[in-house]
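S.K.: need a structure here:
(chains A, B, C and D)
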Number of protein chains: 2
Amino acid sequence: MPSLNGSHIKNTKSLQAIQLEVQGRNRIALSVDCVIFGFDENKLKVLLIRSDLKKYQSKWSLLGDLVAENEDLEAAAGRILKQRTGLSDVYLEQVHTFGTVNRHPAGRVVTVAYCSLINIQHHKLNILDNELHWHDVKAAINLAFDHQQIFDTSYQWLQKRIQEHPLGFSLLPKKFSLRDLQNLYEAILDFKMDRRNFRKKFFSMDFLIDIDEMEQDVPHRPGKLYKFNYEKYEVKKKKWVGIDF
Amino acid sequence: MPSLNGSHIKNTKSLQAIQLEVQGRNRIALSVDCVIFGFDENKLKVLLIRSDLKKYQSKWSLLGDLVAENEDLEAAAGRILKQRTGLSDVYLEQVHTFGTVNRHPAGRVVTVAYCSLINIQHHKLNILDNELHWHDVKAAINLAFDHQQIFDTSYQWLQKRIQEHPLGFSLLPKKFSLRDLQNLYEAILDFKMDRRNFRKKFFSMDFLIDIDEMEQDVPHRPGKLYKFNYEKYEVKKKKWVGIDF
DNA sequence: AAAATAATGTGTTTATTTTACACATTAAAA
DNA sequence: TTTTAATGTGTAAAATAAACACATTATTTT
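M.R.: Okay, the predicted model is just below:
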């Protein structure tokens, strides 16, 4: 029985023998798929592309590509993000790997799903030139391949993750009001929260910096603007055992 | 720019073209590595094998193997488990995928880590015949390849997961005392808990079946034995939004 | 200019959950 | 029979989460 890392049989394999196995057989196409979330008009959005495969014509799919042999997984995801949104240095995290044998019509392709959160105002993607489109997450249905499953998994992952880690700020402008923040949480979690308790909770965490500015051009009493204090968070989170964001 | 799922350029690719890419280039060896946890003598253990690669001689590594081209990822992990422990139908869950370009000395190998929890009494592995060994998790240091990182990630994953899902019961015999259960949680989380509050918490969840039996052959007053009510859990968990186990 | 509107900003009370803590009971061992 | 070492149970205090109402401010309308 072949074994990659070790063996329980007495004549163990040489590195060369393993190299032959690694290089010679059982090689599989590996891709990354990016679930790129954005937040616009108080709706959570996901960036999709129209699939160009006939079988999946008129279906939407996630943005993905094959991983090159000399490319790290996260680098591949970053490359796709840069290519499609023009953005680098964005929030990017691995969610799950999908490897069912027949998941892709072009053959065996195992794909690693990455979740990315971007500020939709920052990016300059040429939506008019191509077949990219920001979908409301509620409209992200009937996707191509197994991308529905990948998307659903990623969205659930996001819903859970945002309650424990401060990643949501990546979806907002640097300066935001507490109403913006609450709208974001309500959009992601899909339920309404009490405004007073929401504010209380975030103030008690003490990671918001009051920048002493007010909203501009709003058709009502302007709210104060805040920034998220990443430095403080980085220091504090190390001391926590169970993060309860 | 090649694209697996879709394209923003006008002349989109045919399925054939993509098939060629998938089959012809960029293929990568894919493995699974199993982090197999057990619980014995009130210690959390992990099953490791002595690495047979010279560079990593005397280092321990996780149990892993290449994924066959026609094999699902989870099936590959199940195969390794069956092969090494004789067990099937065990708790098995994907944790993370590790794909740094130079992580393995035999060439580019991307590996998907799976976490498995088994009842250490049930298995019949031939530890004497081979180089398998149950390590105390605190002694799982200095592993081969990037297996330290994989193990650390998996152990942290387990610590978090066990606080939200009832997977720990896979590590115990079918019938267990509350003391067993608490010992398990304390071993995994690495801190002591209040016995009364621990019991109260589990009773209030109402997933333990009192089977009206007592411990046997213990050198003190025997405690009651319980089973975990998987059926009830399966029904209830679907109604929960945020599981707080 | 005044009134109406629609949002922001704030505190208290209640309920729930978590934590801290002590003693009687039981079976085995001495 | 006594000692020992565990099981089994309840209550009070503290912390957290949930429910809830009104004054304030800037804009818009009249």
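
S.K.: Tell me the strands beside the lengthiest strand in chain A, with direction?
M.R.: As assigned by DSSP state E, the longest strand anywhere in chain A is strand A:27-40. The strands that strand A:27-40 pairs with in its sheet are strand A:43-50 (antiparallel), strand A:63-66 (antiparallel), strand A:109-117 (parallel), strand B:27-40 (antiparallel) (by DSSP bridges).

S.K.: Relative to DNA strand C, which of the ones you listed is closest?
M.R.: strand A:43-50 (16.5 Å; Cβ to the nearest atom of the strand). In short, each C-beta sits where N, CA and C put it, glycine included.

S.K.: next structured bit after the closest one?
M.R.: Beyond strand A:43-50 in the direction of the C-terminus, DSSP states H and E gives the next helix or strand as strand A:60-61.

S.K.: Could you list the low-pLDDT ranges of chain A?
M.R.: Along chain A, the model assigns pLDDT under 70 to residues A:1-13, A:25, A:52-56, A:123-130, A:240-244.

S.K.: For the residue nearest in space to the middle of it, give its distance to residue A:20.
M.R.: The centre of chain A sits closest to residue A:115, judged by Cα atoms, centre = their mean, with a distance of 1.6 Å. Distance from residue A:115 to residue A:20, counting by Cβ to Cβ, to the nearest Å: 37 Å.

S.K.: how deep is residue A:138 tucked in, by neighbour count?
M.R.: Neighbourhood size, residue A:138 [other Cβ atoms under 10 Å in any protein chain shown]: 10.

S.K.: make that residue A:44, sorry
M.R.: A count of neighbours around residue A:44, defined by other Cβ under 10 Å, yields 25.

S.K.: residues touching it, list them.
M.R.: If you count contacts by Cβ atoms under 8 Å, 6 or more residues apart in numbering or on different chains, residue A:44 has them with A:37, A:38, A:136, A:137, A:171, A:184, A:187, A:188.

S.K.: Among the residues you listed, which are located in strands?
M.R.: A:37, A:38, A:136.

S.K.: list the buried ones in stretch A:196-209?
M.R.: A:198, A:199, A:202, A:207, A:208 (16 or more other Cβ atoms under 10 Å in any protein chain shown).

S.K.: Quick check on residue A:207: phi, psi?
M.R.: Dihedral pair for residue A:207: phi -110, psi 0, per degrees, to the nearest 10.

S.K.: residues in contact with residue A:191?
M.R.: Going by Cβ under 8 Å, 6+ apart, the list of residues near residue A:191 is empty.

S.K.: just how off-centre is the longest strand of chain A within its chain?
M.R.: With Cα atoms, centre = their mean, to the nearest Å as the basis, strand A:27-40 stands 8 Å off its chain's centre.

S.K.: Same question for stretch A:217-228.
M.R.: Using Cα atoms, centre = their mean, the offset of stretch A:217-228 from its chain centre is 27 Å.

S.K.: Backbone dihedrals for residue A:203, both of them.
M.R.: With angles defined as degrees, to the nearest 10, residue A:203 sits at phi -70, psi -40.

S.K.: before we move on, back to that, closest one to DNA strand D among the strands paired with strand A:27-40?
M.R.: Of the strands paired with strand A:27-40, nearest to DNA strand D by Cβ to the nearest atom of the strand is strand B:27-40, at 15.8 Å.

S.K.: Can you mark which positions in the closest one are buried?
M.R.: By 16+ other Cβ under 10 Å, the buried positions in strand B:27-40 come out as B:27-39.

S.K.: before we move on, what about stretch A:144-156?
M.R.: A:144, A:145, A:146, A:147, A:148, A:150, A:151, A:153, A:154, A:155.

S.K.: Tell me which entries of these lie within helices.
M.R.: In helices, defined here by DSSP state H, the members of those are A:147, A:148, A:150, A:151, A:153, A:154, A:155.

S.K.: what would those residues look like in TSV with distance to residue A:61?
M.R.: As requested, these are arranged in TSV below (distance: Cβ to Cβ, whole Å):
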residue	distance to residue A:61
A:147	5
A:148	10
A:150	9
A:151	9
A:153	15
A:154	13
A:155	15
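
S.K.: Close to DNA strand D: what parts of chain A are there?
M.R.: Within chain A, the positions near DNA strand D by Cβ under 7 Å from any atom of the strand are A:194, A:195, A:196, A:197, A:201, A:218, A:219, A:220, A:221, A:222, A:244.

S.K.: ok, back up a step: which of the contacts of residue A:44 sits closest to chain B?
M.R.: Among those, residue A:188 lies closest to chain B (Cβ to the nearest Cβ), at 13.2 Å.

S.K.: Perfect, I'm done here.
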